[in-house]
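A.B. asks: attaching a predicted model along with its sequence, questions to come.
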Amino acid sequence: MLSYVWKLLRARWRITWNNIRRANRRRKIGYLFAAFGLTVFAVVLVVASWGLLSLLRRPELAQFITPDLIRAIPVLFTSATFLAGLLTNFGVLLQALYLAGDMEFLLAAPVPVRAVFVAKLIQAVLPNFLFMCLFNFPALIGLGLAQSYNITYFVMLPVALVLLMLAGAGISAIGVILVVRLVPARRVAEVLGLVGGVTSILCSQSGQFMQFSRIGRSASSAQVMALANTAAQFDQPYLPLAWPGRALVALGEGHWLLALLLVGLTVVLTAGAFGLSLVTAERLYITGWARTRGTLTRKAVRVERRRTRGIQRLLPAPFTALVIKDFKLLTRDLRNLSQLITPIVLGVVYTLSLVSGTERASSTAIGKSVIAYGGLGTALFVAWMFAARLALGGMGMEGKRYWMLKAAPLKAEVLLASKFIVAYLPALGLGTVFLIATALAGRQSPAALPYNWVALAAAIAALCAVYLAFGTAGANLKWENPSQITSGTMGCIGWLAGSATAAIVIAVFAGIPLAFSFFGLPDVLAQFIGLTVGLALCVGVMTAALWWARGRVALVGEA
Amino acid sequence: MGTQTMHDTLIKTVGLVKKFGDKAAVNGVNLDVCGGEIFGFLGPNGAGKTTTIKMICGLLRPTSGTALVGGFDIQQQAIQAKSILGYVPDEPMLYDKLSAREFLSFVADLYNVSAKQAERRAEELLKLFDLADDANNLIESFSHGMRQKTAIAGALMHDPKVLVLDEPTIGLDPKSARLIKDILRQLAERGAAVFLSTHILEIAERMCDRIGIIDHGNLIAVGTVDELRAGKSGQSLEDIFLALTGGAEYAEIAEVLA
């Protein structure tokens, strides 16, 4: 079996090497710089952890940093490695084991299923493992140097990390195999994408949430140290998760008998977990995979009457057809929804942030103006992210299905208009909701609301036009992964152009009233001038962007 | 279009060239297909068939030359040309998250088919292609053959005058393949021009009124099967094809391997 695993991994290595070797010169230079940068980063991390941990061992810090805490650090790292292997690899293993394009070829060849499973597992988890090692490995080497551990610690360190990753990935693979027997693999992938997106954005904003709930606002140093020492409580001899880390410490400190026992237990446990996954794979993997090859569970959609005919009397049929089609696809594919949840979550966070500052700022005239027009900024921020996602990827989301639109008698203007509306309406809707919510929560004067809404509508229109233009110019129709929809260069330039547009537009719409307020001039006059200048600017930007995009539509889909 | 007669030229290419870098994938192809005719387009792998088809349908811009559909330049008068054109690619990627019925409705709207006609036509085509029971299921649950049939149904929604198909029978069961052949013959009898590429020479020999053979980007032969035989009676289309494209010598290698 090992020879087959080696053959499969070697083929994968050859593919990776071919991609590198045949890359253009710019990309090769990029790879070299990346390799150099990562090496430097690892060395810096070793030195930093060595220095930091040496510092923590000083007598004057001993009352805060106990030796037990320092000994618990390897336990924390090894536990994190195992848990990361268990949790983060579910998605990649799902993709590798059930959604890879070469499975039929491999399983039709005289290759043991176990070998295919092991090779796929290693291929799938290797990138995550290497990424974790970029942090774990140097930090633990630094710890070993600071603690003056002996050579066996350093030898055993990579072995322990590999075993833990394999064990975690093996158990995760069992989970994947069992789940796929109940739910189609593609559906699981869609749900995972949604859950992952929501989880990551919630985690990234957890600091803001904690601030609102006043947790951790004024933690004393004693509380922080108590928290740190609590972490050491996980270093318990009866916890299997602690054994690998304790084994490393025992080796480093030269407690050979204890080390032998703990290393043995670690090997037995990790090998056992991985072995269990191999046995499970042989029994369940191939049958589970074969089920996914059959017809997917039929999912009927509700038959809709042609209600749109009323609208179509007013608008061109191709236009409404494209808009309806895009809205259906966006709502039915969970991978799209996961990307759209991010702006909603961020909007809630920043709205709360703005509202919590209302009380302090409401005492002055300029403060009241900031509150009145600050809601515009928050609403535009949320709508901006929606617009960027939908407009920048509007043309590219057609993907390999674009041939239908290219072969159809479809004017470029109609296609662009439909993509514009698909991006504009949801962004405007969401922005309006946040605008009203901010006004109500902040008890703002209603006088600014109409102005803010018109400004919001105009600003989003300009942003959608800019993003759509760059999204059309850089549309990548050959994507397999939605993140590849917009090609690198145009995507970056599009983001920059959109950001610049947003900054200028908000400076005009909010800046003019604020400036008038600062000088004590009438609000009505401020709004009139702000609207005049802002609308002219937005119309100009829209016209230029869409005119440019119109000329680029014919080039979309050209080889 | 209404004034065109059955035998008017509905597809015409003049000096069609497509280069990718220095390589000429299509090198000056001149052909014409009349209404009422089924034209078979044959060639070895990589000969330029799909590239030619994509230029005829307006999916690729030629490096030089023109392609006319129904008398309209596909590049300069794209809307008019595409309005009468139906196209089915070799690998029809469809919208997975639409049902078959929704997909046909969408295509009907793209081609400005009236609502009543679209509904009637969709039901007819779904029934014809045995997709009626799955009409409300998402396309992602369809097999390859079902997707192929859905794509062909989509191409027929607007009753095109010109139909271009790239390997239309791949993945179809014999019943469906026969159905496609019958449909194409009926379309031709009603005055449409059918342009299809295929690797299955038997289909080309039986169905096609005329055949064009392309090799290394050059159109090396055009005519009826009898014209291509050029007096060598008894030769099959396969023999003619291999003789023209230089594949006959591989038979010796095949004998050695067997």
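C.D. replies: Yep, that arrived. Residues are numbered from 1 along each chain as shown, chains lettered A, B, ... in the order given.
A.B. asks: OK, now which residue of chain B is nearest to chain A?
C.D. replies: Here the residue of chain B nearest chain A is B:Asp109; by Cβ to the nearest Cβ that distance is 3.2 Å. For glycine as for every other residue, the C-beta is placed from the backbone atoms N, C-alpha and C.
A.B. asks: can you list the residues of the stretch 51-200 of chain B near chain A?
C.D. replies: B:57-61, B:78-83, B:85, B:87, B:89, B:93-95, B:97-99, B:101-102, B:105-107, B:109-112, B:115, B:119, B:134, B:136-138, B:140-143, B:154 (Cβ under 8 Å from any Cβ of the partner chain).
A.B. asks: inside strands: which ones of these?
C.D. replies: Using DSSP state E, B:85, B:87 are the members of these that sit in strands.
A.B. asks: surely B:Tyr95 touches A:Asp326?
C.D. replies: No - the criterion here is Cβ atoms under 8 Å, and B:Tyr95 misses it with A:Asp326 at 9.8 Å.
A.B. asks: quick revisit: filter the residues of the stretch 51-200 of chain B next to chain A down to the buried ones.
C.D. replies: Those of these that meet the buried threshold are B:57-60, B:78, B:80-83, B:85, B:87, B:89, B:93-95, B:97-99, B:101-102, B:105-107, B:109-111, B:119, B:134, B:136-138, B:140-142, B:154, by 16 or more other Cβ atoms under 10 Å in any protein chain shown.
A.B. asks: tell me which of those fall in helices.
C.D. replies: Counting by DSSP state H, the part of those found in helices is B:78, B:80-83, B:101-102, B:105-107, B:109-110, B:119, B:154.
A.B. asks: a markdown table for the residues you listed, including pLDDT?
C.D. replies: Shown next, in a markdown table, are those (pLDDT from 0 to 100):
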| residue | pLDDT |
| --- | --- |
| B:Ala78 | 92 |
| B:Gln80 | 92 |
| B:Ala81 | 94 |
| B:Lys82 | 94 |
| B:Ser83 | 93 |
| B:Arg101 | 95 |
| B:Glu102 | 94 |
| B:Ser105 | 93 |
| B:Phe106 | 94 |
| B:Val107 | 93 |
| B:Asp109 | 92 |
| B:Leu110 | 92 |
| B:Glu119 | 94 |
| B:Gly154 | 95 |
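A.B. asks: using CSV, please lay out those together with distance to A:Ala455.
C.D. replies: Compiled in CSV, these are given as follows (distance: Cβ to Cβ, whole Å):
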residue, distance to A:Ala455
B:Ala78, 39
B:Gln80, 43
B:Ala81, 44
B:Lys82, 41
B:Ser83, 42
B:Arg101, 42
B:Glu102, 38
B:Ser105, 38
B:Phe106, 36
B:Val107, 40
B:Asp109, 35
B:Leu110, 36
B:Glu119, 44
B:Gly154, 43
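A.B. asks: could you chop chain B up by domain?
C.D. replies: For chain B, automatic domain parsing gives the domain ranges B:9-84+B:160-257, B:95-159.
A.B. asks: just give me the lowest mean pLDDT stretch among the ones you listed.
C.D. replies: Looking over these, mean pLDDT reaches its minimum on domain B:9-84+B:160-257, with a mean of 87.
A.B. asks: what does B:Pro160 show for phi and psi?
C.D. replies: With angles defined as degrees, to the nearest 10, B:Pro160 sits at phi -70, psi 150.
A.B. asks: count of residues packed around the closest residue to A:Ile512 other than its chain neighbours?
C.D. replies: The shortest distance from A:Ile512 to any non-neighbouring residue, by Cβ to Cβ, 6 or more residues apart in numbering or on different chains, is to A:Gly530 (3.9 Å). The number of residues packed near A:Gly530 is 23, by other Cβ atoms under 10 Å in any protein chain shown.
A.B. asks: test my guess that A:Gly530 contacts A:Asn452.
C.D. replies: No - contact criterion Cβ under 8 Å: A:Gly530 and A:Asn452 do not qualify, at 10.3 Å.
A.B. asks: how far away is A:Met156 from chain B?
C.D. replies: With distances taken as Cβ to the nearest Cβ, to the nearest Å, A:Met156 is found 48 Å from chain B.
A.B. asks: what's the longest helix in chain A?
C.D. replies: Per DSSP H, chain A has its longest helix at helix A:113-146.
A.B. asks: tell me the mean pLDDT over it?
C.D. replies: 85.
A.B. asks: show me what it is packed against.
C.D. replies: Applying 3 or more Cβ pairs under 8 Å, 6 or more residues apart in numbering or on different chains; DSSP states H and E, one finds that helix A:113-146 contacts helix A:2-21, helix A:25-56, helix A:67-87, helix A:89-98, helix A:103-108, helix A:151-182, helix A:256-280.
A.B. asks: can you list those helices in TSV and add mean neighbour count?
C.D. replies: Shown next, in TSV, are those (neighbours: other Cβ atoms under 10 Å in any protein chain shown):
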stretch	mean neighbour count
helix A:2-21	13
helix A:25-56	13
helix A:67-87	20
helix A:89-98	21
helix A:103-108	13
helix A:151-182	20
helix A:256-280	17
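A.B. asks: and the pLDDT at A:Glu190?
C.D. replies: Among the per-residue scores, A:Glu190 shows a pLDDT of 68.
A.B. asks: number of nearby residues for A:Leu514?
C.D. replies: Residues near A:Leu514, counting by other Cβ under 10 Å: 18.
A.B. asks: do A:Leu456 as well
C.D. replies: Applying other Cβ under 10 Å, I find that A:Leu456 has 24 neighbouring residues.
A.B. asks: distance of it from A:Ala544?
C.D. replies: Counting by Cβ to Cβ, to the nearest Å, the separation of A:Leu456 from A:Ala544 is 21 Å.
A.B. asks: with A:Ile460 instead?
C.D. replies: 17 Å.
A.B. asks: between these two, which one's more packed in?
C.D. replies: Taking neighbours as other Cβ under 10 Å, A:Ile460 and A:Ala544 compare with A:Ile460 leading, 29 against 14.
A.B. asks: so the more buried one is in which element?
C.D. replies: Per DSSP states H and E: A:Ile460 is located in helix A:448-473.
A.B. asks: report all helices and strands that that helix contacts.
C.D. replies: For helix A:448-473, the elements it packs on are helix A:365-392, helix A:412-441, helix A:488-509, helix A:523-553, judged by 3+ Cβ pairs under 8 Å, 6+ apart.
A.B. asks: now do the buried residues in the last one.
C.D. replies: It stands for helix A:523-553. A:523, A:526-527, A:529-531, A:534-535, A:537-538, A:541-542, A:545-546, A:549-550, A:552-553.
A.B. asks: ok, whatever residue of chain A ends up closest to chain B to B:Ala153 distance?
C.D. replies: Residue nearest to chain B within chain A (Cβ to the nearest Cβ): A:Ala321, separated by 3.2 Å. Distance of A:Ala321 to B:Ala153, given as Cβ to Cβ: 16 Å.
A.B. asks: also A:Leu83?
C.D. replies: Taking Cβ to Cβ as the measure, A:Leu83 falls 51 Å from B:Ala153.
A.B. asks: please apply the same query to A:Pro409.
C.D. replies: From A:Pro409 to B:Ala153 the distance is 18 Å (Cβ to Cβ).
A.B. asks: ok, A:Ser54 touching A:Ala146?
C.D. replies: Yes - using Cβ under 8 Å, A:Ser54 is in contact with A:Ala146, at 4.5 Å.
A.B. asks: which residues are common contacts for those two?
C.D. replies: Common neighbours of A:Ser54 and A:Ala146, counting by Cβ atoms under 8 Å, 6 or more residues apart in numbering or on different chains, are absent.
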